[in-house]
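**Student:** Generate a structure from the sequence data that follows.
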Amino acid sequence: MSAWQVVHGILAVVGGGTFAMLGVACVWPINLPRHDRPTGHCRLRPVEWPKAWTCGPPDEPFTLADAHVAMQLHCEHDCARKHAAFDALVAAGRIHRDSARRHRLWGKPW
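**Tutor:** Numbers count the residues shown, from 1 in each chain. Down below sits the predicted model:
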């Protein structure tokens, strides 16, 4: 089997798969009735991308969604952005400071 036959076989498979996918896409129903639409856990959520890729303090106060994302991104270390996100979540009532903890994980005293 020569190299050209291998390349031809690969291109034939890729081309046939593309043709089949386009054929299915052309006949797939787009406007489903309300009761046939997926609901609940099947629905995709939009991705929340961070607005800055830094550990410095934010330029403006965090929104609630931005604070959640910042806490998830900076969970492994201690930085000014994590402190600002934590303060925003405390102010919103989403989390509470642990007053019984003797040894704080962060250097900032509450």
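
**Student:** make it CA atoms for all contacts and neighbour counts henceforth
**Tutor:** Noted.

**Student:** next one: the helix or strand containing L89 to chain centre, how far?
**Tutor:** According to DSSP states H and E, L89 maps onto helix 80-92. From the chain centre to the centre of helix 80-92 is a distance of 20 Å (CA atoms, centre = their mean, to the nearest Å).

**Student:** Convert the C-alpha atoms of that helix to PDB, please.
**Tutor:** C-alpha atoms of helix 80-92 as PDB (Å, rounded to 0.1, in the frame of the first residue of the first chain):
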ATOM      1  CA  ALA A  80      -5.100  40.500  47.400                       C
ATOM      2  CA  ARG A  81      -7.700  39.400  44.700                       C
ATOM      3  CA  LYS A  82      -8.800  36.500  46.900                       C
ATOM      4  CA  HIS A  83      -9.100  38.800  49.900                       C
ATOM      5  CA  ALA A  84     -11.300  41.300  47.900                       C
ATOM      6  CA  ALA A  85     -13.400  38.400  46.600                       C
ATOM      7  CA  PHE A  86     -13.800  37.000  50.100                       C
ATOM      8  CA  ASP A  87     -14.900  40.400  51.400                       C
ATOM      9  CA  ALA A  88     -17.400  40.800  48.600                       C
ATOM     10  CA  LEU A  89     -18.900  37.400  49.400                       C
ATOM     11  CA  VAL A  90     -19.100  38.200  53.100                       C
ATOM     12  CA  ALA A  91     -20.800  41.500  52.300                       C
ATOM     13  CA  ALA A  92     -23.300  39.700  50.100                       C
END
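
**Student:** tell me the strands in the protein, going along the chain?
**Tutor:** For the chain, strands defined by DSSP state E do not occur.

**Student:** For the helix holding L89, give the mean pLDDT please.
**Tutor:** Mean pLDDT, helix 80-92: 92.

**Student:** just checking, what packs against that helix?
**Tutor:** helix 64-73 (3 or more CA pairs under 8 Å, 6 or more residues apart in numbering; DSSP states H and E).

**Student:** how about low-confidence regions in this structure?
**Tutor:** 29-48, 99-110 (pLDDT under 70).
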